[in-house]
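A.B. asks: Sequence and predicted model, in that order:
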Number of protein chains: 2
Amino acid sequence: MDKIVECVPNFSEGRDQEKIERIMSVIKNNNEIKLINYEADADYNRTVVTLIGRPQKMIQALMDLTKVCLKEIDLTKHSGEHARMGAIDVIPFIPISNIKMSECVEYSQILAEKIGNTFDIPVFLYAEAAKTEDRVKLPNIRKGEFEGMEEKIKDPHWKPDFGPSRRHPSFGALAVGARDFLVAYNIDIQTDDEKRTNQFARAIRGSSGGFQFVQAGPVYLENRGHTQVTMNILNYKKNPIYRIFETVKMEARRYGFDVPSAEIVGLVPKDALLRSLRYYYGIENKEYNKDMPIDEVVEGCRKYLKFRDFDETKIIDYFL
Amino acid sequence: MDKIVECVPNFSEGRDQEKIERIMSVIKNNNEIKLINYEADADYNRTVVTLIGRPQKMIQALMDLTKVCLKEIDLTKHSGEHARMGAIDVIPFIPISNIKMSECVEYSQILAEKIGNTFDIPVFLYAEAAKTEDRVKLPNIRKGEFEGMEEKIKDPHWKPDFGPSRRHPSFGALAVGARDFLVAYNIDIQTDDEKRTNQFARAIRGSSGGFQFVQAGPVYLENRGHTQVTMNILNYKKNPIYRIFETVKMEARRYGFDVPSAEIVGLVPKDALLRSLRYYYGIENKEYNKDMPIDEVVEGCRKYLKFRDFDETKIIDYFL
């Protein structure tokens, strides 16, 4: 079985459609990796690209992307609301199928070294690939942004992991690393009481003593007329979806609030869903097969996890 | 309403019954504080005393206890399995009623200073009262124990917060501080499968990504023929008992394991129980009154939290 990674390069152009398309053409013309989507944000002046594929093919595609961004983007002329330090700002490697985090760290190092040597761009390793504690979090590395990086990078403490110890004049600097898949997940609460919903968010989020890898807050959806617990799950293996869903239902029960549905924002790995289906199959004493067809996964998620607006195109493995 | 603290001094004698009684007599003869219990452990050669009372009266009682331990215990002649650095090794202040953590920190400082000045004993502030990060955890301070303390304490980094910068020749050194009430809580699982039970422990414990203030592990009870998830709850306000109980039940359900009962080891504040009863009253739409009589608390804990071997003498407020 093929090793599959996801990479999510963020490049610093979100306004000039022609330029964005010139950049994206190197990805669109590449048949060896799969473009899931790309979203340009004009306020941020930044485009987020989601790719999946085999690691070696991915590295080649990202080298091509770097080359075209180096040609097309000049950070001395860039402004936008999102913090950034490079023409490509960050590239994370995310394990999807048949691949370990440690392998993603290795591939991120290979790419980082290759970019540093080929294009003379300073590259920092971050997240799981970070070599020091203060390079784990991207904002730490990026602090000062493109403008501040000219001085910052001369400090031996901020010597890049690869490439030269000076800011590239037009590209800036780049962070490459590895991290877990982040599941964006919301649970609908049949109430407009945002305070109560915040109470449920506090019960489950790591920063309030809840599940360590869950970020959560309340939100009122005006169009829908109810609140949500809105979440990022930073490690769906340690904090599986079903456990979060059942805990929020348990909390909501005290006020008699209905929890009719939930939703995935963006994509989710099949593995994250199977871990939850397995729980409900266990309760119903139903035979569980980890190779179940994708239709059965979708059906199970709707039935047990009450996913709304959900079909196979939300499952990343569907594109493999 | 009176401010009430709990203090749990640990002194370094657990074998010589006559000596233990001579030491305990200063507590037993003191009518201004309440002795909950004291447990001498011969292997540890250590006695753990649980006291409740008003802070000023508590400070006086602990001064008396220090005086008698100084007279009775010589650490140069002491051995036992439990790490220790002083004749009294540690005294935590724990908020029980109408008192804040910040006040407990203040009272612990008052006692620490008084012991340091009066008896010429070096005293370290720890836990919530610690002045530096590396004095938060008692084992850090105690490392090297009585024997190593002679040298350690000369290091400016380990200058005591009060008292002299040298080990007391027979008493050693003492840690005084403030911390939250620790609830020792076990949930019975109707299986002998310790591996599965460990899976439930991992689901809820902070170190595996679960609830931050929960320490948990599996244990097989040979006499009873089933396993338990055995826990310390370090902050019962952020990780309330009902949430832990319901989450473990939720996890056990996947294997069809019954969760027939649970138990509190030692004492528990009424406040910790009320926070859980309130949840179940909410579910049953039953009127909740925080001043409910203690009989109703006991009955509710048996009914909803399935406490076994539980009566009012397990509730610390019963002794107030």
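C.D. replies: Noted; the coordinates are in hand. Numbering: from 1, shown residues only, chains lettered A, B, ... in the order given.

A.B. asks: From residue B:70, how far out is the residue most central in space within chain A?
C.D. replies: By Cα atoms, centre = their mean, chain A has its centre lying nearest to residue A:182, at 5.0 Å. Using Cβ to Cβ, to the nearest Å, residue A:182 is found at 58 Å from residue B:70. Just so you know, the C-beta spots here come from the backbone N, C-alpha and C atoms, and that holds for glycine as well.

A.B. asks: isn't the residue nearest to the centre of chain A right next to residue A:239, touching?
C.D. replies: No. Under the criterion of Cβ atoms under 8 Å, residue A:182 makes no contact with residue A:239, lying 11.7 Å away.

A.B. asks: Which residue ranges of the stretch 101-250 of chain A form strands?
C.D. replies: In the stretch 101-250 of chain A, the strands defined using DSSP state E, counting those that start in this stretch lie at A:123-127, A:174-178, A:183-189, A:214-221, A:226-233.

A.B. asks: Now the fourth one: buried residues?
C.D. replies: Put plainly, it is strand A:214-221. A:214, A:215, A:216, A:218 (16 or more other Cβ atoms under 10 Å in any protein chain shown).

A.B. asks: and stretch A:93-110, what's its mean pLDDT?
C.D. replies: Averaging pLDDT along stretch A:93-110 gives 96.

A.B. asks: What's the local residue count around the closest residue in space to residue A:225 that isn't next to it in sequence?
C.D. replies: Once flanking residues are discounted, residue A:225 sits nearest to residue A:192: 6.7 Å by Cβ to Cβ, 6 or more residues apart in numbering or on different chains. Using other Cβ atoms under 10 Å in any protein chain shown, residue A:192 has 14 neighbouring residues.

A.B. asks: And residue A:288, by the same measure?
C.D. replies: As a burial measure, residue A:288 scores 14 neighbours (other Cβ under 10 Å).

A.B. asks: Please identify the helix or strand for it.
C.D. replies: Remark: residue A:288 resides in no helix or strand, with elements defined by DSSP states H and E.

A.B. asks: Around chain B, which positions in the stretch 101-250 of chain A sit nearby?
C.D. replies: The stretch 101-250 of chain A comes close to chain B at residues A:203, A:206, A:208-213, A:235, A:238-239, A:243, A:246-247, A:250, as judged by Cβ under 8 Å from any Cβ of the partner chain.

A.B. asks: Neighbour-wise, give me the winner out of these.
C.D. replies: The most crowded member of these is residue A:211, carrying 29 neighbours; neighbours defined as other Cβ under 10 Å.

A.B. asks: what's the spacing between residue A:190 and residue A:224?
C.D. replies: Distance of residue A:190 to residue A:224, computed by Cβ to Cβ: 10 Å.

A.B. asks: okay, the two: which has more neighbours?
C.D. replies: The neighbour comparison of residue A:190 against residue A:224 (other Cβ under 10 Å) goes to residue A:190, with 14 against 10.

A.B. asks: tell me the phi and psi of the closest residue to that one other than its chain neighbours?
C.D. replies: Counting by Cβ to Cβ, 6+ apart, residue A:258 is the residue found nearest to residue A:190 once chain neighbours are left out, at 3.8 Å. Main-chain torsions, residue A:258, degrees, to the nearest 10: phi -80, psi 150.

A.B. asks: if I pick residue A:258, what's in contact with it?
C.D. replies: By Cβ atoms under 8 Å, 6 or more residues apart in numbering or on different chains, residue A:258 lies in contact with A:189, A:190, A:252.

A.B. asks: So the second one versus residue A:302, what's the distance?
C.D. replies: Just to be clear, that refers to residue A:190. 18 Å.

A.B. asks: got it, and the first one?
C.D. replies: Taking Cβ to Cβ as the criterion, residue A:189 is separated from residue A:302 by 19 Å.

A.B. asks: which one of the two has more residues nearby?
C.D. replies: Relative neighbour count places residue A:189 above the other of residue A:189 and residue A:302, with 29 against 14, counting by other Cβ under 10 Å.

A.B. asks: From chain B, how far out is that one?
C.D. replies: 15 Å (Cβ to the nearest Cβ, to the nearest Å).

A.B. asks: again with residue A:116
C.D. replies: For residue A:116, the distance to chain B equals 34 Å [Cβ to the nearest Cβ].
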